[in-house]
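*Asks:* quick one, structure for this:
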Amino acid sequence: MCAPSTNAKIKASQEETTATVLKTKTISKSELASHNTPSSAWCAIHSQDSSSHAVLDITSFASKHPGGDLILLAAGKDASVLFETYHPRGVPPSLVKKLQIGIMEKGSYDSFYSWDSDFYKVLRTRVVQRLEERGLSRRGSIEIWIKALFLLSGFWFSLVQMYINTSNFGMASVWSITMGFFAAMIGVNIQHDGNHGAFSKSKFINKCAGWTLDMIGASAFTWEFQHMLGHHPYTNLIDVVEDKKKEEGVDCKIEEKNQESDPDVFSSFPLMRMHPLHTPSWYHQYQHIYAPFLFALMTLAKVFQQDFEVATSKRLYHIDAQVRYGSIWNVMRFWSMKIITLMYMMGLPIYFHGVVKGVALFVIGHLACGELLATMFIVNHVIEGISYATTDLKGADDKKKVGRPSTLMGDTPMEKTREKAFESSAMSKDKKDVPSVPFNDWAAVQCQTSVNWAPGSWFWNHFSGGLSHQIEHHLFPSICHTNYAYIHDVVEKTCEEYGVPYQSEPSLWVAYGKMINHLKYLGRGKIE
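*Replies:* The predicted model follows:
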């Protein structure tokens with residue numbers, strides 16, 4: 001009578017032993033990188049002390065993931081930053097343990113960033129508490145729904161008006177500019193939150209919101225790679241080794257590239273010098289003059305060049321794109337949406353206005369869209385007082401040194417804010433100690449490399465889709481932008497308490513002027 005029970009215990013013990021062996025299996029960086037498709041997706045996340053990395057199999061979990069297939073973007077890579085920043089309330093350790101299938105080989109990932117400070121942990125707790133106090137949902141609100149309906153209606157109405165004004169090309173051009181404006185607004189207010197998984201609690205609605213980028217002619221997949229896997233985790237950070245190889249004309253294999261590099265500061269605009277590390281050319285001394293004209297071409301370049309390059313090569317610079325284009329359905333979505341959008345954005349204008357005027361209307365709309373988008377994006381990270389970082393962390397003795405983001409002039413703003421925090425603490429009645437925060441603490445680096453403008457403004461926050469609260473957005477990408485005006489004071493006060501920079505400008509116009517001036521200095525040459 002006892003035999004079946006004993007056998008069951010033995011079997012359970014064997015299964016537990018097998019599971020333990022699997023969880024301690026050592027996995028190489030190349031093996032992890034090979035599991036980078038929707039049908040086989042593994043990712044690595046750091047341990048609490050960042051001394052090792054656990055490997056998770058997220059293939060089957062993707063369909064159950066509250067954020068939908070957003071999790072698949074982590075496939076084949078170190079997803080530590082994504083893991084930390086997209087879960088303000090944290091992830092249950094039991095779930096991590098359940099998904100774990102092994103550990104990474106020691107030294108597989110030598111990150112620029114530190115996660116040793118409690119700065120980000122405290123910040124997350126306080127922000128979540130503020131949302132709960134105000135009864136605000138982390139994802140979506142009635143505000144974003146009303147705005148989305150208005151913007152989508154405005155886009156299609158403007159497009160139709162552009163079609164039917166066949167007797168007045170000037171008026172058709174005005175409607176084309178209006179359509180471009182609404183397209184830009186859809187980009188920053190709907191697709192941005194949708195692809196970050198912040199538009200709604202519904203995975204399906206988030207996917208639809210993200211799809212609106214395809215609707216206006218671009219590709220949500222390309223945007224995910226550049227924005228969510230490159231720019232957001234590694235803001236203003238450049239890989240020194242890779243950058244030197246580029247200058248020498250060497251393109252190493254994608255698995256040999258360092259994922260910690262921001263494509264926005266080395267790829268978004270040709271003829272521009274946007275990082276102090278880059279070698280200046282003679283024409284860069286004029287970049288502050290021609291930059292505004294170049295900005296207008298941004299969406300045209302992405303729609304007709306970058307999107308197709310990524311879809312055909314299945315990579316975006318140092319970022320592997322197999323995680324999306326490894327699916328035949330995603331490939332079909334890309335090509336079908338390109339054909340459909342070109343039909344109603346250029347084909348129908350040509351049908352109603354003729355070839356020359358039809359193409360001109362298409363270009364006019366894109367120029368308006370590109371100028372507005374580029375203006376609101378670039379002032380957040382390429383501006384006076386902003387810091388830059390490089391992954392060159394080896395000292396003269398070949399030992400790892402702490403990365404210190406610094407400005408164009410070589411200053412480290414966080415040194416000044418730390419000193420100010422110590423002075424304030426010494427003068428206060430309770431004389432609280434200023435908590436230690438490394439210069440390369442991930443959250444602190446986001447604050448050092450991002451700038452707000454018109455902080456606290458409900459209008460500008462809505463107009464810009466939260467780009468005016470860039471610091472809050474980079475720290476909490478999975479929180480809907482409609483909440484940023486309500487949490488910015490929490491972030492600012494916490495930064496002040498920890499001695500972390502929190503740079504903001506009074507308006508977009510002031511920020512734009514400082515950005516142009518900054519480009520002027522960047523164009524002069526390297527500051528030694």
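*Asks:* give me the nearest residue to the spatially most central residue of the chain, chain neighbours excluded.
*Replies:* Residue closest to the mean C-alpha point of the chain, counted by Cα atoms, centre = their mean, is residue 232 at 2.9 Å. Excluding its sequence neighbours, the residue lying closest to residue 232 (Cβ to Cβ, 6 or more residues apart in numbering) is residue 477, at 5.9 Å. To be clear about C-beta, it is placed using only N, CA and C from the backbone, and glycine gets the same treatment.
*Asks:* next, the contact list for the one you found, please.
*Replies:* 85-86, 196, 198, 228, 232 (Cβ atoms under 8 Å, 6 or more residues apart in numbering).
*Asks:* ok, the residue nearest to residue 219 when sequence neighbours are not counted to residue 69 distance?
*Replies:* Counting by Cβ to Cβ, 6+ apart, residue 307 is the residue found nearest to residue 219 once chain neighbours are left out, at 4.2 Å. Relative to residue 69, residue 307 is positioned 20 Å away (Cβ to Cβ, to the nearest Å).
*Asks:* right, and residue 152 touches residue 208 too?
*Replies:* No. Counting by Cβ atoms under 8 Å, residue 152 stays clear of residue 208, with 10.9 Å between them.
*Asks:* pLDDT score assigned to residue 280?
*Replies:* On pLDDT, residue 280 comes in at 88.
*Asks:* please read the previous query as pertaining to residue 263.
*Replies:* Reading off the confidence values, residue 263 has pLDDT 87.
*Asks:* which residues touch it?
*Replies:* Counted by Cβ under 8 Å, 6+ apart, residue 263 has contacts 226, 230-231, 316-319.
*Asks:* filter the residues you listed down to the buried ones, PyMOL style.
*Replies:* Typed into PyMOL, the line below selects the buried ones among the contacts of residue 263, using 16 or more other Cβ atoms under 10 Å:
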select buried, resi 226+230+231+316+317+318+319
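*Asks:* show me the contacts of residue 263 that map onto helices.
*Replies:* Judged by DSSP state H, the subset of those located in helices is empty.
*Asks:* what's the closest of the contacts of residue 263 to residue 516?
*Replies:* Closest approach between the contacts of residue 263 and residue 516, by Cβ to Cβ: residue 231, at 21.2 Å.
*Asks:* hang on, the closest one packs against residue 237?
*Replies:* No. Between residue 231 and residue 237 there is no contact under Cβ under 8 Å: 9.7 Å.
*Asks:* spit out the contact partners of the residue nearest to the centre of the chain.
*Replies:* Residues near residue 232 by Cβ under 8 Å, 6+ apart: 81, 85, 474, 477.
*Asks:* now, these that are in helices?
*Replies:* Counted as lying in helices by DSSP H, out of the contacts of residue 232, are 81, 85, 474.
*Asks:* contact partners for the first one?
*Replies:* I take that to be residue 81. By Cβ under 8 Å, 6+ apart, the neighbours of residue 81 are 113, 232-234, 442.
*Asks:* can you rerun that using 7 Å?
*Replies:* Contacts here follow Cβ atoms under 7 Å, 6 or more residues apart in numbering; on that basis residue 81 touches 233, 442.
*Asks:* about what we covered before: what do residue 231 and residue 237 both touch?
*Replies:* With Cβ under 7 Å, 6+ apart as the test, residue 231 and residue 237 both reach residue 262.
*Asks:* now do the one helix or strand residue 160 maps to: which elements does it pack against?
*Replies:* Element membership for residue 160, per DSSP states H and E: helix 142-164. Applying 3 or more Cβ pairs under 7 Å, 6 or more residues apart in numbering; DSSP states H and E, one finds that helix 142-164 contacts helix 169-186, helix 348-353.
*Asks:* now the residue nearest to the centre of the chain: how far from residue 306?
*Replies:* 18 Å.
*Asks:* check residue 473 too.
*Replies:* 22 Å.
*Asks:* neighbour count winner among the two?
*Replies:* residue 473 (25 against 21; other Cβ atoms under 10 Å).
*Asks:* low-confidence regions, the protein specifically.
*Replies:* 1-22, 49-50, 243, 246-250, 266-269, 392-402, 428-431, 526-528 (pLDDT under 70).
*Asks:* follow-up on the earlier one: CA atoms only for the helix holding residue 160, dumped as CSV, please.
*Replies:* Taking Å, rounded to 0.1, in the frame of the first residue of the first chain, the C-alpha atoms of helix 142-164 are listed here in CSV:
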residue,chain,number,x,y,z
ILE,A,142,-9.7,58.8,-19.7
GLU,A,143,-7.5,61.7,-20.6
ILE,A,144,-5.4,59.7,-23.1
TRP,A,145,-8.5,58.1,-24.6
ILE,A,146,-10.1,61.5,-25.3
LYS,A,147,-6.9,62.8,-26.7
ALA,A,148,-6.4,59.7,-28.9
LEU,A,149,-9.8,59.9,-30.5
PHE,A,150,-9.3,63.6,-31.2
LEU,A,151,-5.9,63.1,-32.8
LEU,A,152,-7.0,60.1,-34.9
SER,A,153,-10.0,62.0,-36.1
GLY,A,154,-7.8,65.1,-36.9
PHE,A,155,-5.4,63.0,-38.9
TRP,A,156,-8.0,61.3,-41.1
PHE,A,157,-10.0,64.5,-41.5
SER,A,158,-6.9,66.5,-42.6
LEU,A,159,-5.9,63.7,-45.0
VAL,A,160,-9.3,63.7,-46.7
GLN,A,161,-9.4,67.5,-46.9
MET,A,162,-6.0,67.3,-48.6
TYR,A,163,-7.5,64.9,-51.2
ILE,A,164,-10.6,66.9,-52.1
